[in-house]
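Asks: this one's structure only:
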């Protein structure tokens, strides 16, 4: 198995207690920021921690280099087809204290169905943003494909550079993604069907026109624009709980 960066090297996390803005950065630019299975698990854990952290109100999600990312580490995924230990590790079952677990053998229905069902779990890192209760902002640029497209689709706000491309190649051969109905609501049925059926990438201008993006800016303005949105969100205070209760009982 080839040497790969650690999850901590691929998924960077920092927070500013003063602004209450946390930042998750995908840091594998030489592989278009492809996360390994363990990096996806760390991503889910980081979001779960930020969700509970009183020092965090907003999470910014961005990528190092020219792209947000082009999806999962497919070579690693294919290795898992021949190595059950890889699958058990991704399922967090390699050493969970319940005794030896045997992964379903290759060629059986449950071999693929088991991992597919896991991908719908927020702890697997594919749909972690769907269960995130605070504000998430994705800084989209370059390729925003596959797993990274999921993050854009599930985020609260998406600010994009004008050169970004969005889509998911597996729509051509797999045909589904977690919680696609919300993406249909954002983009509209016709446009989403076009993306799924043709498999072609959509430009930032097209995605803005079908309500997928909040704003499109030049690449050199992107980081500053995202920061502006994040600060605006942290300064916007929710309605006071006592006031809510008063309004409810009156």
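Replies: Received, thanks. These numbers come from a predicted model, not from an experiment. Numbering: from 1, shown residues only.
Asks: Give the helix, strand or coil label for residue 112.
Replies: helix (DSSP: H, G, I helix; E, B strand; the rest coil).
Asks: what do you get for residue 61?
Replies: strand.
Asks: So it is in contact with residue 148, correct?
Replies: No - with contact defined as Cβ atoms under 8 Å, residue 61 does not reach residue 148; the gap is 9.2 Å. For the C-beta atoms, the positions are set from N, CA and C on the backbone; glycine is no exception.
Asks: What ranges in this protein fall below the confidence cut-off?
Replies: By pLDDT under 70, the weakly predicted segments of the chain are 1-2, 95-99, 172-179, 237-250.
Asks: any chance you could map the helices in it?
Replies: Under the criterion DSSP state H, helices of the chain are mapped to 7-10, 37-52, 74-82, 84-90, 109-119, 146-154, 180-187, 189-198, 204-209, 222-235, 241-249.
Asks: How much space separates the residue nearest the centre of the chain from residue 55?
Replies: Centroid-nearest residue in the chain, with Cα atoms, centre = their mean: residue 151, separated by 2.8 Å. Look at residue 151 and residue 55: by Cβ to Cβ, to the nearest Å, they are 22 Å apart.
Asks: One more: residue 85?
Replies: From residue 85 to residue 55 the distance is 37 Å (Cβ to Cβ).
Asks: quick one on the thing from earlier: neighbour-wise, which of residue 61 and residue 148 wins?
Replies: Neighbours per residue, other Cβ atoms under 10 Å: of residue 61 and residue 148, the larger number sits with residue 148, 28 against 24.
Asks: Quick check, that one in contact with residue 68.
Replies: Yes - with contact defined as Cβ under 8 Å, residue 148 reaches residue 68; the gap is 4.9 Å.
Asks: Find residues that contact each of the two.
Replies: 26, 33 (Cβ atoms under 8 Å, 6 or more residues apart in numbering).
Asks: ok so, going back, any chance of JSON lines for the helices of the chain, columns distance to residue 31?
Replies: Converted to JSON lines, the helices of the chain look like this (distance: least, Cβ to Cβ, whole Å):
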{"stretch": "helix 7-10", "distance to residue 31": "9"}
{"stretch": "helix 37-52", "distance to residue 31": "11"}
{"stretch": "helix 74-82", "distance to residue 31": "9"}
{"stretch": "helix 84-90", "distance to residue 31": "18"}
{"stretch": "helix 109-119", "distance to residue 31": "20"}
{"stretch": "helix 146-154", "distance to residue 31": "12"}
{"stretch": "helix 180-187", "distance to residue 31": "25"}
{"stretch": "helix 189-198", "distance to residue 31": "24"}
{"stretch": "helix 204-209", "distance to residue 31": "23"}
{"stretch": "helix 222-235", "distance to residue 31": "22"}
{"stretch": "helix 241-249", "distance to residue 31": "46"}
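Asks: do you know which of these lies nearest residue 162?
Replies: helix 204-209 (5.3 Å; Cβ to Cβ).
Asks: In the closest one, which residues are buried?
Replies: Judged by neighbour count using 16 or more other Cβ atoms under 10 Å, the buried positions of helix 204-209 are 204, 206, 207, 208.
Asks: Tell me who's in contact with the last one.
Replies: Applying Cβ under 8 Å, 6+ apart to residue 208 gives the contacts 160, 215, 216.
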